[in-house]
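Visitor: Need a 3D model of the following:
(one chain, ligands or ions: 1)
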Amino acid sequence: MINVILLGPPGAGKGTQARILTEARGLVQLSTGDMLREARASGTEMGRKVAEVMDRGDLVTDEIVIGLIEERLGQAKSPGFIFDGFPRTLAQADALGALLDRLGLGLDAAIEMGVDDAALVARISGRFTCGNCGEVYHDETKPTSKPGVCDKCGSTDLRRRADDNAEALKQRLMEYYKKTSPLIGYYYAKGKLAVVDGLAEIDAVAGTIAEVLDKG
Ligand code: AP5
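Guide: Purely as a prediction, here's the structure:
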């Protein structure tokens with residue numbers, strides 16, 4: 001069983017690499033961002049509150065996201081999990097550790113994907129996603145083969161995110177540096193940190209992540 005955390009700022013490529021790992025190894029992707037977008041689409045009171053927070057680029061409360069992960073981890077049967085965008089605070093990291101212990105699961109690695117801020121802006125501003133299967137694209141670096149049609153599932157429901165604008169991105173980056181980057185030291189101290197160059201091409205990043213996981 002392989003359990004891995006993908007750690008990195010908005011646009012580092014966490015979702016892209018999580019999908020590659022899912023296809024290659026059958027791991028289950030647990031993306032708190034995707035779970036929260038599902039919650040906001042549900043139109044409930046909680047979903048409306050979450051939407052406001054996400055659109056500003058702030059972090060949703062620890063209580064909500066820990067609850068979401070707890071629920072999914074308890075349900076899923078899998079050869080392993082990819083934590084994509086979780087944990088994002090020290091409290092979330094402690095909660096994940098306790099949860100994995102309770103379920104008798106280990107953590108293989110926390111992989112930090114390093115990308116500089118200028119590249120993040122370019123990545124976020126060109127990103128679009130398939131609303132049906134979740135495949136992630138980019139106007140320049142990963143366009144669809146046929147304009148307006150998803151390569152994976154043929155859907156024409158291609159979407160851009162409400163928080164992918166300059167103002168929200170500035171706040172998302174601020175939240176990352178203030179609250180999430182301390183996790184780099186946290187996992188280093190636990191002997192679990194691996195660092196990959198997130199500026200490399202998508203396949204090269206995937207190759208480095210595979211090496212980290214295969215080394216064990
Ligand atoms: P979330 O959905 O997790 O967003 P994020 O962390 O900001 O990360 P992104 O999804 O923007 O980027 P990514 O790293 O997945 O990059 P991607 O692969 O798409 O969170 C959204 C919001 O939800 C948060 O702001 C917060 O409000 C809330 N939230 C979520 N989790 C939370 C938590 N745990 N606690 C509290 N609040 C939480 O790639 C980006 C683009 O770059 C794509 O177009 C892609 O094609 C391209 N690309 C990817 N890799 C490469 C490459 N190597 N070279 C060139 N282009 C590339």
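
Visitor: so what's the residue nearest to residue 125 when sequence neighbours are not counted up against?
Guide: Spatial nearest neighbour of residue 125, excluding adjacent residues (CB to CB, 6 or more residues apart in numbering): residue 164 at 6.9 Å. Backbone N, C-alpha and C define where each C-beta goes, glycine included. Residues in contact with residue 164, defined by CB atoms under 8 Å, 6 or more residues apart in numbering, are 124, 125, 127.

Visitor: repeat for residue 109
Guide: Counted by CB under 8 Å, 6+ apart, residue 109 has contacts 4, 5, 192, 193, 194, 212, 213.

Visitor: Is there a neighbour count for the residue of the chain found nearest the ligand? I'd like the number.
Guide: Evaluated by CB to the nearest ligand atom, the chain has residue 33 as its residue closest to the ligand, separated by 1.9 Å. Residues lying near residue 33 (other CB atoms under 10 Å) number 19.

Visitor: now do residue 110
Guide: 22.

Visitor: Now residue 31. Its backbone dihedrals?
Guide: Dihedral pair for residue 31: phi -100, psi 110, per degrees, to the nearest 10.

Visitor: is the nearest residue to it once chain neighbours are set aside in a bridge, and if so with what?
Guide: Nearest residue to residue 31, sequence neighbours excluded (CB to CB, 6+ apart): residue 84, at 4.1 Å. Going by DSSP bridges, residue 84 is paired in beta bridges with residue 6, residue 31.
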